[in-house]
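In: build me a model from this:
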Amino acid sequence: MGDSTLWLRGFTDEGRTSAVLAITIAGTPVNPADPDSVLHWIIYYDIGPGRAIKFDMLPGGGPDGMTGCLQVVVCDATAARAQELAASFTAETAAPEPVTGQRILDLLLDAPRRRNRYKYDETGSGCRFWCRTVLEDLEEAGIVPAGSLGSFDEYVLRKSEENPARFPMPTRRGRFY
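Out: Numbering: from 1, shown residues only. You can find the predicted model right below:
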């Protein structure tokens, strides 16, 4: 039986073996017609010209609909970026050796992290917190430069001052289990 918290069907050999060049945390409007729509946050790992690995913690699982499922899929980065991105924060990789998509997935799934085991809060929010936690993991592992997490927090705070409805503070938190 498969793991209902992990969807890897689109995680091809290209994603498993390609070196990650940069990490982008992107927010897309839940309702694109509403300029104040709250955002759904996704992480893209850039792996070369026009290609990325998308790590998307999607809500909707479990009996209450609050259990997340981590979808990992290689995608066309140009198409992904063509979406209305209301927010985009990028960190370059800092590891002395190339880091593959598989290494990042292994880092996130291994105990004690188990970042595929996530429950959204009672409102169904928490994807920004999930992305923030993953960025913290990457910083602690030396994959992104020290200070990346602080820079992301500052970025979100600035954006919240511009549009508090779209970037609500404090960050809604789900929980890992």
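In: so Pro63 lies in a strand, does it not?
Out: No - per DSSP: H, G, I helix; E, B strand; the rest coil, Pro63 lies outside any strand segment and is coil.
In: run a quick neighbour tally on it.
Out: For Pro63, the neighbour count with other Cβ atoms under 10 Å is 6. For every residue, glycine as well, the C-beta is placed using N, CA and C.
In: got the confidence number for it?
Out: Note for Pro63: predicted pLDDT of 87.
In: let's number from 888 now, not from 1
Out: Got it, the first residue is 888 from now on, which makes the last one we talked about Pro950.
In: please name the bridge partners of the residue nearest to the spatial centre of the chain.
Out: Nearest to the mean C-alpha position of the chain, by Cα atoms, centre = their mean, lies Ile930 at 3.0 Å. Note on Ile930: beta-bridge partners Ile912, Phe942, judged by DSSP bridges.
In: now do the contacts for it.
Out: With contact taken as Cβ atoms under 8 Å, 6 or more residues apart in numbering, Ile930 is in contact with 910-913, 941-943, 1018, 1021-1022.
In: which one of those residues is nearest to Leu893?
Out: Of all those, Leu893 sits closest to Phe942, with 10.8 Å by Cβ to Cβ.
In: I figured the closest one hits Ile912, correct?
Out: No - look at Phe942 against Ile912 with Cβ atoms under 8 Å: they stay out of range, at 9.9 Å.
In: tell me where this protein has strands.
Out: With strands called from DSSP state E, the chain shows them at 893-897, 909-916, 926-935, 938-948, 954-963, 974-979, 1005-1006, 1062-1063.
In: dump those strands into TSV; add distance to Arg1053 as well.
Out: TSV is the format used below for the strands of the chain (distance: least, Cβ to Cβ, whole Å):
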stretch	distance to Arg1053
strand 893-897	27
strand 909-916	8
strand 926-935	6
strand 938-948	18
strand 954-963	21
strand 974-979	8
strand 1005-1006	22
strand 1062-1063	24
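In: quick check: which of these is nearest to Leu1044?
Out: Leu1044 lies closest to strand 974-979 among the strands of the chain, at 11.8 Å (Cβ to Cβ).
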